[in-house]
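**Student:** 3D model of this:
(3 chains)
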Amino acid sequence: MTANQAHLIRKTIFISLGLLMTFFAGISFHQSRHIKEPVVLSSGVKTSRTLGQYFSGIKGTINDSNVYILEGERPGGTFLVLGGTHPEEPAGRLAAWIFAENAVLEQGRLLVILSANRSGSTATRLGGAYPPDYTIPTSWGGQKFRMGDRWSNPLDQWPDPEVYIHYPSGQELAYVDIRNLNRTFPGRPNGTLTEKTSYAITQLIRKEDVDVVIDLHEAELQYPVISTIVAHQKGQDLAAMASMMISGTEGFQIGMENSPPELRGLSHREIGDHTNAIPLLLESPEPMLDACRGKTGRQLLLEGKDEFLVKANQHGLLFEKIDQKGWPIEKRVGRHTSTILQISELWTADHPGKAVIITGIPRYSDVIKNGVGAYLHDPNKASPDQLKWE
Amino acid sequence: MFTSTEIILAVMVVTYIIVRALKISTELSMFAAAVSGALAGGEGIPIRHIGEGAFTYFDIILIFITATLFMNLLKQSGGISFAVRKILIRFHRKKAILFVLMTFLLLLPGALTGAGSVTVLIMGGMISIVLSYMGLSRVKATALIFILAGLSAAAPPVSLWAMLTAAGINMPYVGFFLPLLIPCVLLGLVTMFVLAWKSKPVDLKKALKELPEPPGEMNWIRVSLPFAAFFLLVFAGRAWPHSSPILGLPMMFMVSAGLSFVLSPAKLNFLKISRDTIHQLLPLIGTLTCVGILVQIMTLTGVRGLIAITTVTLPLTVVILTMPLVLPVSEAVLMWGAAPVLGVPLVLLFNTIGLNPIVALAGMSLIWPLGDALPPTAIIGRLAKETVQMKKPYPRMLKHCLIPALIIMVVGILMIVFSKKLGFLTML
Amino acid sequence: MTAVTILYYLLSAYVAFIIIWNLIKSKKWQEELLYIIIVIPFILRILRLK
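**Tutor:** Residues are numbered from 1 along each chain as shown, chains lettered A, B, ... in the order given. Predicted structure coming up:
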């Protein structure tokens, strides 16, 4: 064999290996981007819309997300629950899912969005080593969900600017945050996909005359804003009362923080400033977001157990405690469901004419006892008009 | 968990050392270390994670490629040599002014692109010629260009260590401009004056003879128009962010590159310059891609967490005092990967104990680039050596870096310790 | 998709083309491997997979 032939063979082998790697990685990315997540709608859901019906600029795009409208027999106030603003925070989406599949309204209306930034739910964070998906065990097998990112998928919004300048405040933010739904409120009708999505949500809040918006999140334990309700000044009393009631009756502690006026683009700031609604943002602890975490994968995502974080806790480096029991998904989802229920109960007590009475939703202790899967229904047994896809 | 992760880390380190010993490049050794870590962690060959890790610095790689292409086109058109010659003719008698101008020329490319390598590639050769005609040895010139390149990378508007760390802790990249600009400019001037102090005035005739001769039609308009276009686009994006389209840095550099090409008096071979640019940048793009893969696998297996938790649980004084060692070494091994791996937990730690995270991170960003002279990667150091054509052994250059490096370390540490008092610099 | 986005896909395709050209012309095995690793993200992006 001549040197040239050897060289050619070597190069062919290398290129073949490269092609194989590109092929299999590409298949994996394609598959996880297109996982379809079923939603078996509760009997309480009276109408389904999409964000595009509130702002035509987003119609037909990946973020033309579903809006489920639950309505009681008696008129009252209107709540909006946002899941998936940051799709890498699964407890937020799962808690919203429980509402869409189980809630029945006695009075008032509840609007639920499960994939506020659906684009962000179709990619995982670069360098984060997230699993592409996770499965919540159920009595009928299990339901698979996409694990998402904090930002919209670059396949849906590219390029990023040199610096992101928030509209309308003009505040400079990190360039990637132009794809962060919780930095683009109140949104811009002729902006990027993410800005348009924020705008569509703001329009929905205005058109549906929403009273309270609850944006569901999770945070790393090393981050100061955790296990808390972040409230716009309009919602300070409501959040403070909810925090007190929860700490006294639900079996877990939750704090309350004021939305800082100097931080722009966040739902708890801009929705309050630009609409009549009271925005509240809930944070539960997610160990898989911490930089100090150990092995990353589905187990950590669902069980929330991590020895490295336990050590960080012993050194007083965390803003939320963690022990050997970790932060399982049931606890994190249960915190959200109970907090939403408490907020609606307090709101109803204070605003009888605008009451929002929600039934059929498990509280913290129920979710821990029965698991999240107990509140997800088998799509194979659902009637076609009950079944939606996210 | 600790023991098993320590074993994975050990496997990665050993693999790296063995592969390096086989005379295989740093980039491929990192790739091998990543794959071995995944295997040791029971993950098999995680192709999805390798693909995702390779993407980590995709946007930054595009910036490097387009910025370097622009600079190479300008260089080939004779624009850079034209500017250096004009500056020399005008200021050759005034050493101090020449020093200041050279400092700014060296700081500019890295500040714009975030990459010290671009400074070395674009300005290194020219400035070293000027320095050699001022009687400065090539070893000293290499040291000077290396240190300035590091500072230029840390300088705003684009400081990747600060940007990547800030992004990692969901902190806006805001308020960094002055905390980065002031120390970078001052330290740049100090380095220039310290290292080039003993130089003589330029021997103009000799210097002009050796500097490449630009084509006769070259003029200031042809040189400055591409830069003007770049700054105009940056300015427009900032002044009218909501009525101008989002171009992104790579496209802005492409516009400038296109202008340099069109305005060049000499006919340029765009394809050849593109190919040379990619070849020239291969070690850099390769390192970034492989570091991305390595960090992804370190995160997957928990090795990243192990390093982070070990670092942040050390006593605070130890953390701060070892920073001049830990930061450059982490840079030498991981390059920008050091920001997400070490920067994130450290800045969170500083935030927890009440320091100003922005100023502290700016201080750390000054120290990190010093690691670019250290093995295993030593990427900017090696590049500077090649560009200046220094023939002496590499460690000689390091000796000359010592004094400015120490000054930079002290300033960086002081910025961390007194970050709270310096908080006014952020203007927030 | 905006016009600028299309330009970015074209830019990525151009860079991928140059990388592959250099790969074909390269004679050093380490360089070849590295070119293959760095071109992967470009191909995945052009094919809109990542």
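
**Student:** which residues does the residue in the stretch 51-200 of chain A positioned nearest to chain B contact?
**Tutor:** Residue nearest to chain B within the stretch 51-200 of chain A: residue A:159 (3.2 Å; Cβ to the nearest Cβ). Using the backbone N, CA and C atoms, a C-beta is placed for each residue, glycine as well. Residue A:159 makes contacts with B:59, B:246-248, B:250-251, C:4-5, C:8, as judged by Cβ atoms under 8 Å, 6 or more residues apart in numbering or on different chains.

**Student:** kindly give a single ChimeraX line that selects the buried subset of those residues.
**Tutor:** Entered in ChimeraX, the line below selects the buried ones among those, by 16 or more other Cβ atoms under 10 Å in any protein chain shown:
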select /B:59,246,247,248,250,251 /C:5,8
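
**Student:** circling back to that earlier point, helix, strand, or coil at the residue of the stretch 51-200 of chain A closest to chain B?
**Tutor:** coil (DSSP: H, G, I helix; E, B strand; the rest coil).

**Student:** what about it, distance to residue C:6?
**Tutor:** Relative to residue C:6, residue A:159 is positioned 11 Å away (Cβ to Cβ, to the nearest Å).

**Student:** continuing past the helix or strand where residue B:186 lies, what's the next helix or strand?
**Tutor:** Using DSSP states H and E, residue B:186 sits in helix B:177-196. Following helix B:177-196 in sequence order, the next helix or strand is helix B:204-210 (DSSP H and E).

**Student:** using PDB, write down the CA coordinates of the lengthiest helix in chain C.
**Tutor:** Criterion DSSP state H: the longest helix present in chain C is helix C:3-25. C-alpha atoms of helix C:3-25 as PDB (Å, rounded to 0.1, in the frame of the first residue of the first chain):
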ATOM      1  CA  ALA C   3     -33.300  37.600   6.400                       C
ATOM      2  CA  VAL C   4     -30.400  37.900   9.000                       C
ATOM      3  CA  THR C   5     -31.100  34.400  10.100                       C
ATOM      4  CA  ILE C   6     -30.800  33.100   6.600                       C
ATOM      5  CA  LEU C   7     -27.500  35.000   6.300                       C
ATOM      6  CA  TYR C   8     -26.300  33.200   9.400                       C
ATOM      7  CA  TYR C   9     -27.200  29.800   7.900                       C
ATOM      8  CA  LEU C  10     -25.300  30.800   4.700                       C
ATOM      9  CA  LEU C  11     -22.300  32.000   6.800                       C
ATOM     10  CA  SER C  12     -22.300  28.600   8.700                       C
ATOM     11  CA  ALA C  13     -22.500  26.800   5.400                       C
ATOM     12  CA  TYR C  14     -19.500  28.800   4.100                       C
ATOM     13  CA  VAL C  15     -17.500  28.100   7.200                       C
ATOM     14  CA  ALA C  16     -18.400  24.400   7.000                       C
ATOM     15  CA  PHE C  17     -17.300  24.400   3.400                       C
ATOM     16  CA  ILE C  18     -14.000  26.000   4.200                       C
ATOM     17  CA  ILE C  19     -13.400  23.600   7.100                       C
ATOM     18  CA  ILE C  20     -14.200  20.600   4.900                       C
ATOM     19  CA  TRP C  21     -11.900  21.900   2.100                       C
ATOM     20  CA  ASN C  22      -9.100  22.300   4.600                       C
ATOM     21  CA  LEU C  23      -9.900  18.800   5.900                       C
ATOM     22  CA  ILE C  24      -9.600  17.300   2.500                       C
ATOM     23  CA  LYS C  25      -6.300  19.100   1.800                       C
END
